[in-house]
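> coords below, sequence missing:
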Ligand code: 13P
């Protein structure tokens with residue numbers, strides 16, 4: 001169908017579904033995600049985080065992601081996840097990404113606002129959208145430093161969203177990137193307060209390992225974009241291990257490719273169903 005903007009997808013959800021944003025690291029993962037979207041007639045966000053670019057240089061994978069979105073029969077936005085540097089953000093925009101995240105959460109509020117505004121200015125010159133972050137989501141996305149959880153403050157969220165004029169805001173409500181070492185305590189109370197105070201669509205990071213009930217609780221209370229990364233990597237790795245176990249010495253390179261596509265597709269489909277995305281593509 002088409003490469004679409006993040007804001008276009010986030011304008012759609014009510015409190016019965018959220019848009020899944022699926023991290024990919026190669027063509028196989030992108031292809032698996034597209035197959036899931038087409039199978040379920042669901043819109044989708046394809047994304048890659050700056051912390052993973054060591055494995056997948058953006059100038060190589062970025063054009064593949066954009067081409068994949070254009071090839072998909074469903075609406076797909078292509079997004080840079082956790083952009084930290086202007087250089088990477090500009091490269092994503094040059095590749096044709098329809099949105100970028102600037103993660104200024106490690107800076108004091110004023111500096112986060114100021115840097116996010118610069119990103120908004122640049123992105124708007126490309127006609128692209130921006131996601132910002134306030135508070136601190138736990139864990140680490142790829143090569144980035146491990147962060148402790150710092151639950152988002154409502155007044156700070158409002159200031160960043162309104163002063164920087166972002167299209168989406170990632171909030172810290174107790175989730176963390178990667179597999180959980182202990183059961184997360186989700187601050188749905190805080191999510192409700194943020195949602196009541198802001199018009200900006202809210203984003204949940206650290207989706208891997210949350211329960212169906214957790215996701216539903218979040219999307220009912222203002223979350224409109226949900227990020228899933230580790231679960232797709234793990235599902236693909238599991239399929240590869242199974243192919244190795246089944247084929248042994250007969251394993252061919254393309255068995256590995258197929259396993260990655262299959263693993264990502266199954267994981268994306270599973271999450272799309274939980275997020276209520278099935279049949280939600282507006283064509
Ligand atoms: P998980 O790896 O925990 O799914 O987190 C994904 C994410 O939030 C990407 O920014």
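Received it, and whenever you're ready, just let me know what you need. Predicted model, so just to flag it, every value in this text is computed and none were measured. Residues are numbered from 1 along each chain as shown.
> mind listing what residue 150 touches?
Applying CB atoms under 8 Å, 6 or more residues apart in numbering to residue 150 gives the contacts 135-136, 172. Bear in mind the C-beta positions are built from the backbone N, C-alpha and C, glycine included.
> Among the residues you listed, the buried ones, what's the PyMOL command?
Buried residues among these (16 or more other CB atoms under 10 Å), as a PyMOL selection:
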select buried, resi 135+136+172
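> what does the stretch 1-150 of the chain have sitting close to the ligand?
23, 49, 81-82, 141 (CB under 6 Å from any ligand atom).
> Which ones among those map onto strands?
Judged by DSSP state E, those include 23, 49, 81-82 as members of strands.
> Using the centroid of this structure, identify the residue furthest from it.
residue 249 (36.7 Å; CA atoms, centre = their mean).
> A strand includes it, no?
No. Read with DSSP: H, G, I helix; E, B strand; the rest coil, residue 249 is helix and lies in no strand.
> mind putting the residues of the stretch 1-150 of the chain next to the ligand in JSON lines, pLDDT and neighbour count included?
Converted to JSON lines, those look like this (pLDDT from 0 to 100; neighbours: other CB atoms under 10 Å):
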{"residue": "23", "pLDDT": "98", "neighbour count": "27"}
{"residue": "49", "pLDDT": "98", "neighbour count": "27"}
{"residue": "81", "pLDDT": "98", "neighbour count": "28"}
{"residue": "82", "pLDDT": "97", "neighbour count": "29"}
{"residue": "141", "pLDDT": "82", "neighbour count": "23"}
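> Show me which pair in those residues is furthest apart.
For these, the maximum inter-member distance is 9.7 Å, found between 23 and 82 (CB to CB).
> Quick check: buried residues in the lengthiest helix in the chain?
The helix spanning the most residues in the chain, taking DSSP state H as the definition, is helix 253-274. Buried residues in helix 253-274, counted by 16+ other CB under 10 Å: 256-269, 271-272, 274.
> what helices or strands is the helix or strand harbouring residue 9 leaning on?
If you go by DSSP states H and E, residue 9 is part of helix 6-10. In terms of contacts (3 or more CB pairs under 8 Å, 6 or more residues apart in numbering; DSSP states H and E), helix 6-10 is packed against strand 75-83, strand 129-134, strand 168-171, strand 223-228.
> quick one, what contacts the residue nearest to residue 165 when sequence neighbours are not counted?
Closest residue to residue 165 apart from its sequence neighbours, by CB to CB, 6 or more residues apart in numbering: residue 120 at 5.6 Å. For residue 120, the contact set (CB under 8 Å, 6+ apart) comprises 130, 164-166.
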